[in-house]
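**Q** Build me a model from this:
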Amino acid sequence: MRNALRQRPPCRPLTALGGVLLLLAVLPAVADIYAFADAEGVVHYSNVPADRSYELVLESPPEPTAGSGEASLRIPLALINRRAAAYEHIILEAAAANEIEPELLRAVISVESAFNPRAVSRTGARGLMQLMPQTARRYGVRDSFDPSQNIHGGARYLRFLVDRFENNLELVVAAYNAGENAVERYGRSIPPYRETRQYVPRVMNLYHAFNEPVGTN
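**A** Coordinates of the predicted model:
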């Protein structure tokens, strides 16, 4: 839905802080804000620019685009482990092919989809590793609901992230959730998104648990 607000003169440049702060009170909490001044000097603000007259005056922080992993919170770990067994051969194959740890793959899949190959997130991420459509295309995945294609595509993406962030797995996991550009934008640190700040420790805890020798607690 479009939201617009008109501000009468006198006015200063379109980036005037007062007008932007006023607009924040009436527009959605997460929205890019655009503005333009008409011939009468009236400044028009909107979160949906109607034409090229509008200029971006306030950019909202990008939100994470990967799956939130909410499904795994509602499923017992024992059930997740039983589901995981059906895909263990694919996980081991994809991990070996991309020289990453199978424990990392298991942890990401556990949080992303709880090993549900038909999972679809609210943002459109699909399959076991919750690949966004653009990520699937980037790594040659034609059918994100195919477990083998999905896991191999996700493993290739993780390999890329491991190389980019020099094996810093917390940043790798953060980038998987929020995007590598977000991690770079925040100075190669975990972006300040609530979802990502919750996602990283969940994946890392599982990663460390999967790495524990059998029979230890």
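**Q** what's the average pLDDT for stretch 132-148?
**A** On average, the pLDDT along stretch 132-148 is 96.
**Q** Check what contacts that stretch and list those residues.
**A** 65-66, 87, 90, 117-118, 123-128, 131, 149-150, 152-154, 156-157 (C-beta atoms under 8 Å, 6 or more residues apart in numbering). For the C-beta atoms, the positions are set from N, CA and C on the backbone; glycine is no exception.
**Q** Quick one: end-to-end length of that stretch, please.
**A** Using C-alpha to C-alpha, to the nearest Å, the end-to-end distance of stretch 132-148 comes to 16 Å.
**Q** Would you mark the buried spots in that stretch?
**A** Met132, Thr135, Ala136, Tyr139, Val141, Ser144, Pro147 (16 or more other C-beta atoms under 10 Å).
**Q** what about the first one, distance to Phe115?
**A** What it means is Met132. According to C-beta to C-beta, to the nearest Å, Met132 stands 19 Å off from Phe115.
**Q** What of the third one?
**A** Per C-beta to C-beta, Ala136 is found 18 Å from Phe115.
**Q** Ok, the fourth one next?
**A** Taken as C-beta to C-beta, the spacing of Tyr139 relative to Phe115 amounts to 20 Å.
**Q** Likewise for Leu169?
**A** Applying C-beta to C-beta to Leu169 and Phe115 gives a distance of 21 Å.
**Q** which of the two has more neighbours?
**A** Using other C-beta atoms under 10 Å as the criterion, Leu169 and Phe115 rank with Phe115 on top: 23 against 20.
**Q** Filter the contacts of stretch 132-148 down to the buried ones.
**A** Among those, those buried by neighbour count (16+ other C-beta under 10 Å) are 65-66, 87, 90, 117, 125-128, 131, 149-150, 152-154, 156-157.
**Q** any idea how the protein splits into domains?
**A** Using automatic domain parsing, the domain ranges for the chain come out as 4-58, 70-211.
**Q** and those domains, which one is worst for confidence?
**A** The minimum mean pLDDT among those belongs to domain 4-58 (a mean of 52).
**Q** all helices for this protein, in order.
**A** Along the chain, the stretches classed as helices by DSSP state H are 17-24, 70-73, 77-85, 88-98, 102-113, 133-138, 147-164, 169-178, 180-185, 194-211.
**Q** could those helices go into a markdown table alongside distance to Gly41?
**A** Formatted as a markdown table, these follow (distance: least, C-beta to C-beta, whole Å):
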| stretch | distance to Gly41 |
| --- | --- |
| helix 17-24 | 13 |
| helix 70-73 | 48 |
| helix 77-85 | 61 |
| helix 88-98 | 59 |
| helix 102-113 | 51 |
| helix 133-138 | 42 |
| helix 147-164 | 48 |
| helix 169-178 | 41 |
| helix 180-185 | 35 |
| helix 194-211 | 40 |
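**Q** Nearest to Ala37 among these would be which one?
**A** helix 17-24 (10.5 Å; C-beta to C-beta).
**Q** burial measure for His89, as a count.
**A** For His89, the count of nearby residues is 10 (other C-beta under 10 Å).
**Q** actually Val42, not the one I typed
**A** Neighbours of Val42 using other C-beta under 10 Å come to 13.
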